[in-house]
Structures are given as C-alpha cells and as structure tokens.
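**Q** Structure of the sequence below:
(2 chains)
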2 protein chains.
Amino acid sequence: MQDAPAFTAVLFGLRGCLVQAATGIPLPAPGALDSLARLRERNVPCIWLDELSSAEGRQLSHVLPDWLPGHAASDCRWPAPDACWKALMTLESQRLDGCVLVSGEPRLLQSGLNAGLWTVGLATCSPTCDRTSSQWQAMSPQDQERARGKATLELFDLGAHSVIDHLESLDTCLADIALRRHKGEKP
Amino acid sequence: MQDAPAFTAVLFGLRGCLVQAATGIPLPAPGALDSLARLRERNVPCIWLDELSSAEGRQLSHVLPDWLPGHAASDCRWPAPDACWKALMTLESQRLDGCVLVSGEPRLLQSGLNAGLWTVGLATCSPTCDRTSSQWQAMSPQDQERARGKATLELFDLGAHSVIDHLESLDTCLADIALRRHKGEKP
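**A** Numbering: from 1, shown residues only, chains lettered A, B, ... in the order given. As a prediction, the model looks like this:
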C-alpha cells in the first residue's frame, strides 16, 4: 500500500449527520457547513448518501452547498456495503484507502464497515440521543450526558474507528485518523 | 472487525487466469476447474470478471461451470476499483473483509488493490510470461524460469499479497492468506 497522507474521500450521512429536520424544516446540522468548507479547501472529495428517493434527497439536501454531490438510493439496504461503494463510484474515487464515512446512524456505519471504510460515529446524532423526542426533552442535563455516553459506547461496540459528539469535532477527529493511518493502521 | 475464518468471496480474472485461448479455442486453464470445485465445496462464492463485452464474456466462459457467475464490463476501466466492487455487488457480498482477487493481469490486480481486496498474482499468466508468443516459445527452459522469476517480482512490486506460478497452487496460497488474516493482517 502506498503512503497516503491525504484523505481520498469523505462520505456523510444526510439525515442523522449533515441535515437536521426536527421542526420539519431541514437545516444544516451545527458544524456541517464549516466541515464541508474545510474539506473542500483541502480538495477532499465529499458526498452525502441516504436511504431515500431522489426527490426526498433533493428536498433535504438543498440546504447544503451546491457543489456537494449526493447518492440517494432507496434500493440500497444498509448494512449491505453497496450504498457506500456506489457513492465512491459516483465520486470516481480511485481507491478505498483513505476513504471515511461519518454518520450517527448505526446501520449506515455498519454499511461503511462492511465496505472497508474508516468510520466516524456521531454520538449525539445516533438513535440513542434523539433530540427531537419528547423523552429527550424531558431529560435532565445529567441524564442527557449519560445518554451521550451510552451512545458513544454503542457506536464503538459496533466497530466505529472513532466516535465524536458532533460535526464540530470532525477536524480533530480526521487529524487523529490521519495519524493512525500514518502509523500503518488499517480500517 | 469480527473474526472471519472463511473467505467471503473469490474473484477471478477470465483471460489471464481461468481461461486460456492460445489456439483461438477457449480452454479452462490448468487447475481452474479443480480450484473452482474446491471453493464451491466450501461454499465460498466465486465470480469471474473481465474488461469485455457480455458476448465476448459468454464466448470465453462457456468452458467454465454453469454455476459460476461473471461480470463482463467493457466500461469498467482497470485499474479503477469499480469493476471489483461491481462484481462483489453481483455476488451480493455482505462485506469486503475476506474477499480475494486472483489474476495474472497487473491492471486487474491493481484494481483489486484499489478496491481493498486481498490479491493473488499468477506469475505464469502475467504479460511477462506470454506463453502464446513466439518469443516465449523460442526461450530455453532456463530463460523461461528466469522470466517466471521476473514476473513474480513484478507482481509483488505492484503490491500483490501473494504470488503463485499457476492456479494449481491456489489452495495452499489461500490457506496461507487465511493464516495471515487469523493473525490480524489486513490487505
């Protein structure tokens, strides 16, 4: 394997990662636009993917930058690896080495693991921390903190290579994965 | 990564691996039918792939067992990884882990490396040992031996995880890769 300091591609979940639609109106998740902008500055190809029809994908992704491609596929059933490989083919990625998936959805993270990708779990976007639920809103800050810890452990147990609270920590997380790759670790 | 003793899938090149067409008449390569039969006994899904039209693929592959699927794609340009991922999707492989590509064609082996597969090079099927060429036929046995050695080094230099002379050694080679996987090595 050649030494590859830069990332080949970063794949993002749409729901449960880049876009929040708690109120029914899609909004970029905190840190999403900054993360995408920084990756674009560094010429790292990015794409979103979701288990959606093209129309639903367009409707949710219109709050994201125009340059960002997407792969909406209602026929790719996670955790099969196909959705991730198809997204990489859409990006015309030349190799799997250095490709990363970011998501809070356990089934999509499992698809990324099955496809051979580095995976970054987003604890606060996982089903355990469904911030739109009345149950979550009724929790004390302490209980919410405990739920975040539980979600983190669940995503690590699944096999995620790294777990962060939210996209605002993605930059640091990618730097850490770059270091692990440099030391020869493989996903 | 879960412990995975068995192989998930084995991908074979068609030309330069499973089928020889030196005389214009396609014939199974020495060891090809035995290798396929042994993998089938062990329930390891297999598929051939080649940069060919469907008609050409059918014409060459009719000497292989009926149960063996193929992925002929004249639009998948090696060394891009797409052809390998598409073959895995044709097999409905559930994960990349434990998938192996076997071929003597350096561009296909590079495609397998780019796709994240274990790769087995076939030295005597590589372009350096073109047994159908008048140049090869004019060589002394000693020079042919030297050419085989050169081909082996070339395929290792490319990054192949293992290099064997021909398919008759595949069984031993897969046992060795199984051991390397068991020890935690990743492709």
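
**Q** Now do the helices in chain A.
**A** Remark: helices assigned in chain A by DSSP state H are A:32-41, A:54-61, A:82-90, A:106-115, A:134-137, A:141-158, A:170-182.

**Q** Let's have those helices in JSON lines, adding distance to B:Leu170, mean neighbour count and mean pLDDT.
**A** To be clear about C-beta, it is placed using only N, CA and C from the backbone, and glycine gets the same treatment. Shown next, in JSON lines, are the helices of chain A (distance: least, CB to CB, whole Å; neighbours: other CB atoms under 10 Å in any protein chain shown; pLDDT from 0 to 100):
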{"stretch": "helix A:32-41", "distance to B:Leu170": "42", "mean neighbour count": "17", "mean pLDDT": "97"}
{"stretch": "helix A:54-61", "distance to B:Leu170": "43", "mean neighbour count": "16", "mean pLDDT": "94"}
{"stretch": "helix A:82-90", "distance to B:Leu170": "26", "mean neighbour count": "24", "mean pLDDT": "97"}
{"stretch": "helix A:106-115", "distance to B:Leu170": "25", "mean neighbour count": "25", "mean pLDDT": "98"}
{"stretch": "helix A:134-137", "distance to B:Leu170": "55", "mean neighbour count": "10", "mean pLDDT": "84"}
{"stretch": "helix A:141-158", "distance to B:Leu170": "34", "mean neighbour count": "15", "mean pLDDT": "95"}
{"stretch": "helix A:170-182", "distance to B:Leu170": "31", "mean neighbour count": "16", "mean pLDDT": "96"}
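
**Q** could those helices go into TSV alongside distance to A:Phe7?
**A** What follows is the helices of chain A, written out as TSV (distance: least, CB to CB, whole Å):
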stretch	distance to A:Phe7
helix A:32-41	8
helix A:54-61	21
helix A:82-90	12
helix A:106-115	14
helix A:134-137	33
helix A:141-158	20
helix A:170-182	7
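
**Q** so which of the ones you listed gets nearest B:Ala29?
**A** helix A:82-90 (28.9 Å; CB to CB).

**Q** partners of the residue nearest to the spatial centre of chain A in the sheet?
**A** Centroid-nearest residue in chain A: A:Val102, 2.0 Å away (criterion: CA atoms, centre = their mean). For A:Val102, the beta-bridge partners are A:Phe12, A:Val120 (DSSP bridges).

**Q** pretty sure it contacts A:Leu11?
**A** Yes. Counting by CB atoms under 8 Å, A:Val102 does reach A:Leu11; the two are 7.1 Å apart.

**Q** picking that back up, B:Ser53 is nearest to which of the helices of chain A?
**A** Here helix A:82-90 is closest among these (CB to CB), at 20.4 Å.

**Q** So which residues make contact with the closest one?
**A** A:9, A:11, A:47, A:49, A:51, A:69, A:71, A:73, A:76, A:96, A:99, A:101, A:108, A:111-112, A:114-115, A:117, B:81-82, B:85, B:88-89 (CB atoms under 8 Å, 6 or more residues apart in numbering or on different chains).

**Q** Next to chain B, which bits of chain A? Give me the list.
**A** Residues of chain A lying close to chain B by CB under 8 Å from any CB of the partner chain are A:1, A:80-82, A:85, A:88-89, A:92-97, A:113-116, A:159, A:186-187.

**Q** again, 6 Å this time
**A** For chain A, the residues in contact with chain B (CB under 6 Å from any CB of the partner chain) are A:82, A:85, A:89, A:95-96, A:114-116, A:186.

**Q** between those residues, which is nearest A:Thr152?
**A** Using CB to CB, A:Asn114 comes nearest to A:Thr152 of the residues of chain A next to chain B, at 21.4 Å.

**Q** Does that closest one touch A:Pro81 like I think?
**A** Yes. A:Asn114 lies in contact with A:Pro81 (CB atoms under 6 Å); the separation is 4.0 Å.
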